[in-house]
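In: no sequence for this one, just the structure:
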């Protein structure tokens, strides 16, 4: 064999090895063998979203629904509020005060004591968001902005808020919102696709491939920034060396993204990203300026496995007349296999996780909360970690990825140059939590993880749970040694014959037997209100949501049958989570009427009242 033939075989071998690692399946995850001591540093936080280690040796945290930046002493958990931003608006589950980036010269004596934050706000002067036509929708005038704050070390506070860029597109789903300061002294920011083409937004087209025009940029109309990463000068302007895409230089750095909630830089400037996939193929990517990452034409690798692009908005039957389903695409909806996409795009260095076509996405273990049992894990952040000989042994070049659905930290080893996956994922810290973000102590020995205050996660016994183990907390995991699997860290299969937790409640003895009453007009009004305020969390069919529990089917029957309508009404008024009881009372009654109708109850001549004793006399089911 000559040396050229040998080289060709070697290259082919390496190529296929890389693909095998990139295309991990759920069964390829290794159990973590390193030992950590777990503790709770802080709890009761209002949606901790970004957590980062500051130069003052405190943890800086954004609280998504708390609308504040909080500094936490890692030694004792003491909290100090640096600023509360009243302008922040958080009507749903993915908006509010999001990303934060500390200037690299913060507290270095150069005068650059700046902190940058991104959040959603109401801007009626800008006009209505074209994707939200309901005048009552809380998202009708909701936009995003990035601001610069100045830190005063003497008082420990942030002030002098300066808008850098305003009017960024947001929606009720897939907001993304991760913000980083790059080694090139630029700001990097992620914007999701708005959750279009699914759930309550299934009739809205995905804009991730659409690039902004010159006229839009000149008018500061940033609708073309959906499904993109941005690169900005620290004053919010467009860098001269940003990529030219379709003949236009804008803030857009990369495009073709779904929901990229994690970005981080390696020591050589490599920009890593974690991105949430549909039912399969959460992605770990390396972002390269001007590149396309394939969404919505491709999920993960272009392998034709368990994904095809269904264009709901282009249905030959008017989309509004259809019922969305993640499991069964209506015949009138055009479909596109991944192979049909021929434009150049960048494939991920790893997926979480890929399964063959024909995979059963309806697992009875999840009791109607199908998405918990899907192969995707809801990657929520990414952080580059290098032990440098004094941190956690063996983690010389790894990526730390937190997940929402599995309540776990996944560790992905990288090759020495950091450009490819070197082995399979390992899994740590499994819990009944939704992990949001990480920070690492300067010595590399302690990992801090922020948890969501609520939502849906995998139950440790299989299936799903809506009760968080550590809601709104900062957890610490301090490395203690090697060998075995720490208690509680052993990975368990999601699918199980054990039905798991369904949050089933105790039935009320002696409850009145009168059936629920509502009118068809109420239910129709409730459908409109539900789609505007609830569908992003609970799903368009009430059984396909990815944040709130199902409001129909088996899960609903287990949770609510036998209880009074008053109990359900009072529970509805705790929604939306960021602003309870913010809707008019009759709107809650209308939504309840629609929920009851969806669960098979019949409309009548009498309205469901918005309060009063009659609610106590009506019982749901038997």
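Out: Sure thing, it's come through. Note that the coordinates shown come from a computational prediction; the quantities given were computed from them, not determined experimentally. Residues are numbered from 1 along each chain as shown.
In: shaky segments in the protein?
Out: Regions of the chain meeting the criterion pLDDT under 70 cover residues 1-24, 484-513, 544-547, 577-578, 622.
In: tell me the SS of the residue nearest the centre of it?
Out: The centre of the chain sits closest to residue 380, judged by C-alpha atoms, centre = their mean, with a distance of 5.6 Å. Taken by DSSP: H, G, I helix; E, B strand; the rest coil, the conformation at residue 380 corresponds to strand.
In: looking at it, it is touching residue 433, isn't it?
Out: No. Here residue 380 lies out of contact with residue 433, judged by C-beta atoms under 8 Å, at a distance of 11.2 Å. In this view, the C-beta of every residue, glycine as well, is placed from N, C-alpha and C.
In: for the residue nearest to the centre of the chain, list the residues it contacts.
Out: For residue 380, the contact set (C-beta atoms under 8 Å, 6 or more residues apart in numbering) comprises 261, 262, 274, 276, 402, 403, 404, 434, 435, 436, 437.
In: what sits against residue 523?
Out: Neighbour list for residue 523: 590, 593, 594, 596, 597, 603 [criterion: C-beta under 8 Å, 6+ apart].
In: between those, which is nearest residue 525?
Out: When these are compared for distance to residue 525 (C-beta to C-beta), residue 590 wins out at 4.4 Å.
In: which strands and helices sit next to the one helix or strand the closest one maps to?
Out: Here residue 590, judged by DSSP states H and E, is contained in helix 585-598. Where contact means 3 or more C-beta pairs under 8 Å, 6 or more residues apart in numbering; DSSP states H and E, helix 585-598 is packed against helix 520-533, helix 565-572.
In: just want the angle from it to helix 565-572.
Out: Calculated by axes from the mean of the first three to the mean of the last three C-alpha atoms, to 10 degrees, helix 585-598 forms an angle of 120 degrees with helix 565-572.
In: helix 585-598: which residues count as buried?
Out: Within helix 585-598, the residues scored as buried using 16 or more other C-beta atoms under 10 Å are 586-598.
In: mind listing the helices for this structure?
Out: Using DSSP state H, the helices of the chain run over 3-22, 214-218, 520-533, 535-538, 553-560, 565-572, 585-598, 614-617.
In: can I get the ones you listed in JSON lines with distance to residue 122?
Out: Output for the helices of the chain, formatted as JSON lines (distance: least, C-beta to C-beta, whole Å):
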{"stretch": "helix 3-22", "distance to residue 122": "42"}
{"stretch": "helix 214-218", "distance to residue 122": "22"}
{"stretch": "helix 520-533", "distance to residue 122": "15"}
{"stretch": "helix 535-538", "distance to residue 122": "17"}
{"stretch": "helix 553-560", "distance to residue 122": "33"}
{"stretch": "helix 565-572", "distance to residue 122": "23"}
{"stretch": "helix 585-598", "distance to residue 122": "19"}
{"stretch": "helix 614-617", "distance to residue 122": "32"}
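In: residue 47 is nearest to which of those helices?
Out: Proximity to residue 47 (C-beta to C-beta) singles out helix 535-538 among the helices of the chain, at 13.8 Å.
In: quick one: contacts of the closest one?
Out: With contact meaning C-beta under 8 Å, 6+ apart, helix 535-538 is reached by 92-94, 171-173, 195, 199-201, 545-551, 576.
In: do that again at 10 Å, thanks
Out: Outside of helix 535-538, the residues within contact range by C-beta atoms under 10 Å, 6 or more residues apart in numbering are 91-95, 139, 171-174, 194-195, 198-202, 324, 455-456, 527, 530, 541-542, 544-552, 575-577, 595.
In: what do you get for stretch 129-136?
Out: Residues from elsewhere that reach stretch 129-136, judged by C-beta under 10 Å, 6+ apart: 123, 128, 137-143, 169-172, 194, 196, 201, 203-205, 207, 223, 226, 528-529, 531-533, 583-584, 587.
In: from the residues you listed, which land in strands?
Out: Residues of the contacts of stretch 129-136 located in strands (DSSP state E): 142, 143, 169.
In: for the first one, what are its contacts?
Out: Applying C-beta under 10 Å, 6+ apart, one finds that residue 142 lies in contact with 89-92, 95, 120-123, 129, 132, 169-172, 175.
In: same thing but 7 Å
Out: Neighbour list for residue 142: 89, 91, 95, 120, 122, 129, 170 [criterion: C-beta atoms under 7 Å, 6 or more residues apart in numbering].
In: quickly list what it is bridged to.
Out: Beta-bridge pairing of residue 142 under DSSP bridges involves residue 122.
In: how close does it get to residue 83?
Out: From residue 142 across to residue 83, the span is 21 Å (C-beta to C-beta, to the nearest Å).
In: and the last one, by the same measure?
Out: Between residue 169 and residue 83 the distance, using C-beta to C-beta, works out to 25 Å.
In: between those two, who's got more neighbours?
Out: Set residue 169 next to residue 83 and count neighbours by other C-beta atoms under 10 Å: residue 169 wins out with 24 against 17.
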